[in-house]
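> what follows is a predicted protein model with its sequence.
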Amino acid sequence: MREVKGVWKAGDVALVLIDYQKEMFENVKSETKPREIELNVRFLIRTAKAFNIPVILSTVGVQMGVNGPTRPAIQNELPGIEVIDRSSMDAWEDKAFRAAIEKTGRSG
C-alpha cells in the first residue's frame, strides 16, 4: 500500500504542462481569461525553476499539423526544454510522455 503524504516537498513533485496551445485556449470556457491562465502558468514555471522542480511540457497534434505549438509566452519560459508532442489526447498513453515522467524519479 502506498504511503499517503500530508505535504509534498519540492523533491517529491514535477510540474507537468499539457496542451497549452492556441487551439486549447480558444476553447476555454471560464471566468479566467486565457491571458490570465497564461500568466499563471508562467508564474508556476518560474516557481518550479526556483525550487529545482522538473518541468515536463507536452503538446498534441503539432507534428500531425492539427494543432499549433505551445503558446510562445509559455514556451519562452522554458528555453531548451524538449516538448513531447503526442498523437493521442490521453498523455498517459504516450510512451515518450510516460518515460519523461518516470525519468524525473518523482513519486509524490
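Yes, it's here.

> where in the chain is pLDDT low?
1-3, 5, 107-108 (pLDDT under 70).

> how about the strands in it?
Taking DSSP state E to define them, one finds strands in the chain at 15-18, 55-60, 83-86.

> which residue packs closest to the spatially most central residue of the chain, ignoring adjacent ones?
Most central in the chain under CA atoms, centre = their mean is residue 17, positioned 0.9 Å from the mean C-alpha point. The shortest distance from residue 17 to any non-neighbouring residue, by CB to CB, 6 or more residues apart in numbering, is to residue 57 (4.9 Å). Every C-beta, even on glycine, is put in place using the N, C-alpha and C of the backbone.

> my guess is the one you found contacts residue 83. True?
Yes. Contact criterion CB atoms under 8 Å: residue 57 and residue 83 qualify, at 5.1 Å.

> out of those two, which sits in the more crowded spot?
Using other CB atoms under 10 Å, the more surrounded residue of residue 57 and residue 83 is residue 57, with 22 against 14.

> please tell me how far the more buried one sits from residue 31.
26 Å (CB to CB, to the nearest Å).

> ditto for residue 44
19 Å.

> helices along this protein, start to end?
22-25, 34-50, 72-75, 95-103 (DSSP state H).

> would you list the ones you listed in TSV and tack on distance to residue 12 and mean neighbour count?
Shown next, in TSV, are those (distance: least, CB to CB, whole Å; neighbours: other CB atoms under 10 Å):
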stretch	distance to residue 12	mean neighbour count
helix 22-25	28	15
helix 34-50	13	14
helix 72-75	24	15
helix 95-103	13	14
